[in-house]
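J.: Using only what follows, build the 3D model:
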Amino acid sequence: MVEKKLGYNIRLKTEKVNVDVKNEYLEMAKRADDAGLYYLAFPEFFGRFDRNRIHVVPYMAAVAARTEHVKLGTDVLQIPLLHPKHIADIGASLDIISEGRFILGAGVGMTVPAEFENFGIPMKERGRRTDEALDIIKKLWTEPAIYDYRGKFFTLRNVCSPPCIQKPHPPIWIGGMTDPSLRRTARYGNEWAAGMSWSVDTGIGGIPEDKWNVMERLEKLKQYCKESGRELVFGREAKGPKEVGYNQRMNININPDREKALEEARHFWTDVRKGRTQGGGSIEMKLRYAAVGNAEEVIEKLEEAYNTGAYLVTLYPLSTDSKSQWERIEKEVLPSL
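T.: The predicted model follows:
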């Protein structure tokens, strides 16, 4: 039997950020926890030119203090832009603060050259840096004592990280639709976090839109898992180091008036986001894979995702009013699950 769990992108990113907005979003997280939501996603874009965004790490710690059950994940953290020792310490600390509810959502970062230039990281190295960093992070989370490491990009001597609550370590979810992302999932990940409109063909690693086929990608992932001595499982969480799970992301805008839903989605993607996240792309392309309309239409799209074998779908609102979107999910979508 396929499990049907729901997640929500609770980014603290609106057209303005102040203390009132912060408190409003923390209360929304508490309501999501009380309602039995499985997962809260916290995106991060270190190199973006956006002042109306609070940093993901202290925000997640604040949410962890307000909630008791819901899992909290970076969705996703741009691994090549940070030192792996830093990431390991952040992850272990958040796992302790949340009492074992932290998930490391890991990605190589979008194809935005300025992000890498600002950090002094060659963008062409992002995949290899990510693989080496994930290897280090897992060792820091599982080694019981002082640890040394010498690799191509990182050399560490006499280092350790705080002991995680979750054993052997917090789950690692890998984002991305490309073959390297799937191979990375099979080698390092506990789950693949699929996003059907997250990659565009930029000429440097994206997937052409006509190649987006989640079932084909799952078959490829199954092959890579087998080569790594692991098994891709469907309809439930992965259990143990030999299994790899699968969940999905979905853009939404819920409104009884479909035209208003479309209008708000267009405004958010074109005027607020300016098409700079989720791999870029036009609003028309995003809408082809989104659930926009009334609650019944969103539930129908959710069922399509569950039918592919995803046990969890995380909803990303194409909206400047995330609170109202959550309230509609809470009242109109959650009861159906």
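J.: now the helices for the stretch 201-337 of the chain?
T.: Taking DSSP state H, counting those that start in this stretch as the criterion, the stretch 201-337 of the chain carries its helices at 214-227, 258-266, 283-289, 295-307, 322-328.
J.: buried residues in the first one?
T.: Residues of helix 214-227 classed as buried under the neighbour-count rule (16 or more other C-beta atoms under 10 Å) are 214, 217-218, 220-222, 224-225. Just so you know, the C-beta spots here come from the backbone N, C-alpha and C atoms, and that holds for glycine as well.
J.: Closest one to Asp257 out of these, please.
T.: Nearest to Asp257, judged by C-beta to C-beta, of the buried residues of helix 214-227 is Val214 at 29.6 Å.
J.: from what I can see the closest one touches Ala194, true?
T.: Yes. With contact defined as C-beta atoms under 8 Å, Val214 and Ala194 form a contacting pair (6.0 Å).
J.: what sits in contact with each of the two?
T.: Gln248 (C-beta atoms under 8 Å, 6 or more residues apart in numbering).
J.: quick one: which of the helices of the stretch 201-337 of the chain is nearest Arg11?
T.: helix 322-328 (7.2 Å).
J.: which residues sit against the closest one?
T.: 8-11, 14, 24-25, 28, 31-32, 252-255, 295, 315, 317, 319.
J.: wait, what's in contact with Leu94?
T.: Residues in contact with Leu94 (C-beta under 8 Å, 6+ apart) are 57, 60-61, 64, 72, 102.
J.: quick one on the thing from earlier: list only buried entries from the contacts of helix 322-328.
T.: Neighbour-count burial within the contacts of helix 322-328 applies to 8-11, 14, 25, 28, 32, 252-255, 295, 315, 317, 319; the criterion is 16+ other C-beta under 10 Å.
J.: quick check, nearest of these to Ala106?
T.: Proximity of the buried ones among the contacts of helix 322-328 to Ala106 (C-beta to C-beta) peaks at Asn9, which lies at 16.5 Å.
J.: how much does the strand ranked longest in the chain deviate in direction from helix 214-227?
T.: Once the chain is assigned using DSSP state E, the strand that runs over the most residues is strand 243-254. Taking axes from the mean of the first three to the mean of the last three C-alpha atoms, to 10 degrees, one finds that strand 243-254 is oriented at 160 degrees with respect to helix 214-227.
J.: Check which strands are paired with strand 243-254 and give the direction for each one.
T.: Using DSSP bridges, strand 243-254 pairs in its sheet with strand 191-195 (parallel), strand 231-232 (parallel), strand 291-293 (parallel), strand 312-317 (parallel).
J.: Nearest to Ile96, out of those?
T.: Going by C-beta to C-beta, the one of the strands paired with strand 243-254 nearest Ile96 is strand 191-195, 21.7 Å.
J.: and that closest one with helix 295-307, angle?
T.: Computed by the same axes, to 10 degrees, the angle between strand 191-195 and helix 295-307 is 140 degrees.
J.: Show me how far strand 191-195 is from its chain's centre.
T.: In terms of C-alpha atoms, centre = their mean, to the nearest Å, the centre of strand 191-195 is found 8 Å from the chain centre.
J.: Tell me which stretches of the stretch 51-200 of the chain form helices.
T.: 56-66, 84-97, 113-119, 126-142, 179-188.
J.: tell me, which of those helices is the model least confident about?
T.: Considering the helices of the stretch 51-200 of the chain one by one, the lowest average pLDDT is found for helix 113-119, at a mean of 86.
J.: Tell me the buried residues in it?
T.: In helix 113-119, the ones that count as buried by 16+ other C-beta under 10 Å are 115-116.
J.: Could you do stretch 86-102 as well?
T.: Per 16+ other C-beta under 10 Å, stretch 86-102 contains these buried residues: 87-95, 97-98, 101-102.
J.: Equivalent analysis for stretch 237-253, please.
T.: Applying a neighbour-count criterion of 16+ other C-beta under 10 Å, the buried positions in stretch 237-253 are 237-238, 243-253.
J.: ok so, going back, mind checking how far the longest strand of the chain is from the chain centre?
T.: Taking C-alpha atoms, centre = their mean, one finds the center of strand 243-254 at 9 Å from the center of the full chain.
J.: now do stretch 289-303
T.: 20 Å.
J.: Stretch 257-276 too?
T.: Averaged over its C-alpha atoms, stretch 257-276 has a centre that lies 21 Å from its chain's centre (C-alpha atoms, centre = their mean).
J.: What average pLDDT does it get?
T.: According to the model, stretch 257-276 has a mean pLDDT of 82.
J.: what's next to that stretch, contact-wise?
T.: Here stretch 257-276 makes contact (C-beta under 8 Å, 6+ apart) with 15, 48, 112, 251, 253-255, 281-283, 286-287, 290, 292-294, 297, 317-321.
J.: Which among the residues you listed count as buried?
T.: The neighbour-count test (16+ other C-beta under 10 Å) marks 48, 112, 251, 253-255, 281, 283, 286-287, 290, 292-294, 317-320 as buried among the contacts of stretch 257-276.
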